[in-house]
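Trainee: pasting the sequence and the predicted coordinates here, then a few questions.
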Amino acid sequence: MPAQKVNAFEIAKALKGVQRIAIFGHVLPDSDCYGSVFGMKAALAKAGKEVFVYLDARIPYNLEFFKNFDNLENCPYFQNADIALVFDASALDRVENLEILKDYKDNGVPVFVIDHHISGGISDFADFIWQDSDKSSASEMAFDILKVAGFSIDKGAATFFLAGIEGDTGGFQHQNTTRESLEAAGYLISKGARYRLIADNLLNPQNGLNILRLYGLVLERLIYNKKYQTVTSYLTLEDAKKFGVEGDSYSGVANLLNVIDGAKAIIFISEREDGILKVSLRTRDKNVDVQKLASYVGGGGHVKASGFTLRGKIVIEDGQPKIV
Ligand code: AMP
Ligand code: MN
Ligand code: MN
């Protein structure tokens, strides 16, 4: 049975009535995922609740500053919680620690999903869902919930939420930058959110010099497909190793490429461990929906920015890249 649709007020009401709260996010967490999960944790803890976070603490280099605001500890076990929240995940296979979330559900704990993607089917699993693809980020939604609940937002929570909003809007540049997201940012800064710290860190990935060298490779390898008007580039595991850069650090490359006039879609492919390819799709063309495209192959995201993964690796044959 699909989940019951709820709004910020109903989630706020549910949170007020409970004491023990489990919080989940998505695999390969980004700033919005950490931001919504740990911002919510900070505010709920301050309101006297007990909070268990199930997010892997393997934090990417450019988000290490989050450690100034939380120990980022991951709860490894099922706890007796009253309610489970899942942030920023639109499909069940995107949930990190899914087995533990299933344990909660099997034990009758209601699962609430709060997400800003176009649904990837998680509503079939959730009990309650607030999904709004007009929102900039899950962090903005978490902030909305706390605001209507009247819970206080301290400097740490404000910094987490602002980092999530900044990350998902690409520093307030993508199409999802709205009046509401800018107003939320202003409010969070008034609560002490560390705007400069966030901007400096988000845009300052591990080993800047080598990241620029990798960008050079990506630009050198651009392939323009005349028929489909797509632009493709890629990075292999070997490239990443050669430059000593982790995969998480160059996830911004797809956005970097999304400036080419006349390109209907940007396709950026990067090799990850274990024979997995991560594909990022971007478009600025008003008639192109890359979310739909990604959803055909088991991925998802947003109309203008989406992604999917597939098994395979990149090999070069006669100077041409091929996926095998
Ligand atoms: P990325 O290219 O990783 O920056 O992702 C762009 C958008 O697509 C983000 O909103 C992601 O949540 C979403 N996305 C990326 N990979 C997947 C996937 N495998 N399944 C569903 N959504 C994805
Ligand atoms: Mn995310
Ligand atoms: Mn997000």
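Mentor: Yep, it's here. Ligands and ions are numbered 1, 2, ... in the order given.
Trainee: please count neighbours and contacts with C-alpha atoms only from this point.
Mentor: OK.
Trainee: okay, and the beta partners of the residue of the stretch 201-324 of the chain found nearest ligand 3?
Mentor: Here the stretch 201-324 of the chain gets closest to ligand 3 at one residue, G301, 8.7 Å apart by C-alpha to the ion. Note on G301: beta-bridge partners by DSSP bridges are S306.
Trainee: just give me the neighbour total for it.
Mentor: Neighbourhood size, G301 [other C-alpha atoms under 10 Å]: 26.
Trainee: contacting residues for it?
Mentor: 90, 117-118, 291, 294, 307 (C-alpha atoms under 8 Å, 6 or more residues apart in numbering).
Trainee: is it possible to export the residues you listed to CSV including secondary structure and neighbour count?
Mentor: Shown next, in CSV, are these (DSSP: H, G, I helix; E, B strand; the rest coil; neighbours: other C-alpha atoms under 10 Å):
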residue, secondary structure, neighbour count
S90, coil, 25
H117, coil, 24
I118, coil, 21
Q291, helix, 23
A294, helix, 22
G307, strand, 23
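Trainee: so where's this protein shaky on pLDDT?
Mentor: 205-207, 247-249, 251 (pLDDT under 70).
Trainee: for ligand 1, what are the nearby residues on it?
Mentor: With C-alpha under 6 Å from any ligand atom as the criterion, the chain meets ligand 1 at residues 280, 299-302, 305-309.
Trainee: 5 Å - rerun?
Mentor: Applying C-alpha under 5 Å from any ligand atom, we find that the chain lies next to ligand 1 at 280, 299-301, 305-309.
Trainee: of all the residues you listed, which two lie farthest apart?
Mentor: Largest separation among those by C-alpha to C-alpha: A305 and T309, giving 14.2 Å.
Trainee: settle it for me: which of these two has more neighbours?
Mentor: Neighbour comparison, A305 and T309: the larger count goes to A305, with 23 against 18 (by other C-alpha under 10 Å).
Trainee: bridging residues for the closest residue to that one other than its chain neighbours?
Mentor: Distances taken as C-alpha to C-alpha, 6 or more residues apart in numbering place R282 nearest to A305, at 4.6 Å, with adjacent residues excluded. Beta-bridge pairing of R282 under DSSP bridges involves I266, A305.
Trainee: can you get me a residue count around R282?
Mentor: Using other C-alpha under 10 Å, R282 is surrounded by 27 other residues.
Trainee: for S306, see how far away it is.
Mentor: Distance, R282 to S306, by C-alpha to C-alpha, to the nearest Å: 7 Å.
Trainee: which stretches of the stretch 201-324 of the chain form strands?
Mentor: In the stretch 201-324 of the chain, the segments counted as strands under DSSP state E, counting those that start in this stretch are 223-225, 230-235, 265-272, 276-282, 300-301, 305-311, 314-317, 320-323.
Trainee: what's in contact with the last one?
Mentor: The set of residues external to strand 320-323 that reach it, using C-alpha under 8 Å, 6+ apart, is 312-316.
Trainee: looking at the residues you listed, which one is closest to D132?
Mentor: Nearest member of those to D132, counting by C-alpha to C-alpha, is G312, at 33.0 Å.
Trainee: after the biggest helix by length in the chain, which helix or strand is next?
Mentor: Longest helix in the chain by number of residues, with DSSP state H as the criterion: helix 31-46. Remark: after helix 31-46, the chain's next helix or strand is strand 50-54, criterion DSSP states H and E.
Trainee: which residues of the chain lie near ligand 3?
Mentor: Applying C-alpha under 5 Å from the ion, we find that the chain lies next to ligand 3 at 32, 137.
Trainee: nearest residue to H116 other than its sequence neighbours?
Mentor: S133 (4.4 Å).
Trainee: let me see the contact set for the one you found.
Mentor: 115-118, 302.
Trainee: for my notes, confirm it occurs in a strand.
Mentor: No. Read with DSSP: H, G, I helix; E, B strand; the rest coil, S133 is coil and lies in no strand.
Trainee: distance of it from F125?
Mentor: Going from S133 to F125 by C-alpha to C-alpha gives 19 Å.
Trainee: same check on N80?
Mentor: 20 Å.
Trainee: V148 too?
Mentor: Taking C-alpha to C-alpha, one finds V148 at 26 Å from F125.
Trainee: the two - which one has more neighbours?
Mentor: Shown here are V148 and F125; by other C-alpha under 10 Å, F125 has more neighbours (18 against 14).
Trainee: next, that one: phi, psi?
Mentor: The phi/psi pair for F125 (degrees, to the nearest 10) reads phi -100, psi -40.
Trainee: isn't it right next to P2, touching?
Mentor: Yes. With contacts counted by C-alpha atoms under 8 Å, F125 reaches P2, the gap being 7.1 Å.
Trainee: can you pull out the helices in the chain?
Mentor: According to DSSP H, the helices that the chain contains are 8-16, 31-46, 98-106, 138-149, 155-168, 179-190, 195-202, 208-220, 237-242, 253-257, 290-296.
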